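*Asks:* Output the structure for:
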Amino acid sequence: MPNFLGWFQAIALGDKWPVLLDLLKRGKIRSLVAKTYPLSAIAEAQTEFLAKKFTGKLVLIPPVPETFS
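*Replies:* Reported below is the predicted structural model:
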């Protein structure tokens with residue numbers, strides 16, 4: 001019996017993760033990033049998320065610790 005999500009229903013990837021990651025690495029597929037925000041702009045990112053006027057993912061970028069820069 002179909003549900004209201006139809007074709008948009010999430011798929012369980014399970015053992016498909018290695019295949020998916022390989023496709024990403026080889027550039028055969030790419031993730032859709034709508035916008036990136038520094039972690040300090042989390043409130044702005046949440047406002048945009050709640051407005052739902054974007055396609056793709058909103059990504060928060062944490063600061064790089066001084067020991068790694």
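
*Asks:* Return the residues in contact with the most centrally placed residue in the chain.
*Replies:* When Cα atoms, centre = their mean is applied to the chain, the residue found nearest the centroid is residue 57 (4.1 Å). Contacts here follow Cβ atoms under 8 Å, 6 or more residues apart in numbering; on that basis residue 57 touches 31, 32, 33, 34. Backbone N, C-alpha and C define where each C-beta goes, glycine included.

*Asks:* in the sheet, who's paired with it?
*Replies:* Assessed by DSSP bridges, residue 57 has beta-bridge partners residue 33.

*Asks:* Compute the distance between it and residue 67, please.
*Replies:* Residue 57 is 28 Å from residue 67, where distance means Cβ to Cβ, to the nearest Å.

*Asks:* Now find how far off-centre stretch 17-27 is within its chain.
*Replies:* Here stretch 17-27 shows a centroid-to-chain-centroid distance of 15 Å under the convention Cα atoms, centre = their mean, to the nearest Å.

*Asks:* about what we covered before: ranking by neighbours, what's the top pick from the contacts of residue 57?
*Replies:* Scoring the contacts of residue 57 on neighbours with other Cβ atoms under 10 Å, the highest-scoring entry is residue 34 at 13 neighbours.

*Asks:* where does that residue land on pLDDT?
*Replies:* With respect to pLDDT, residue 34 has a value of 93.

*Asks:* ok, it - contacts?
*Replies:* Counting by Cβ under 8 Å, 6+ apart, residue 34 touches 54, 55, 56, 57, 58.

*Asks:* Please look at the first one and residue 36 and confirm they touch.
*Replies:* No. The pair formed by residue 54 and residue 36 falls short of the contact definition of Cβ atoms under 8 Å, at 11.9 Å.

*Asks:* one step back: name the nearest of the contacts of residue 34 relative to residue 43.
*Replies:* Checking these against residue 43 by Cβ to Cβ gives residue 58 as the nearest, at 12.4 Å.

*Asks:* what number of residues lie near that closest one?
*Replies:* 15.

*Asks:* Tell me how far it lies from residue 24.
*Replies:* Counting by Cβ to Cβ - residue 58 and residue 24 are separated by 19 Å.

*Asks:* now do residue 34
*Replies:* 18 Å.
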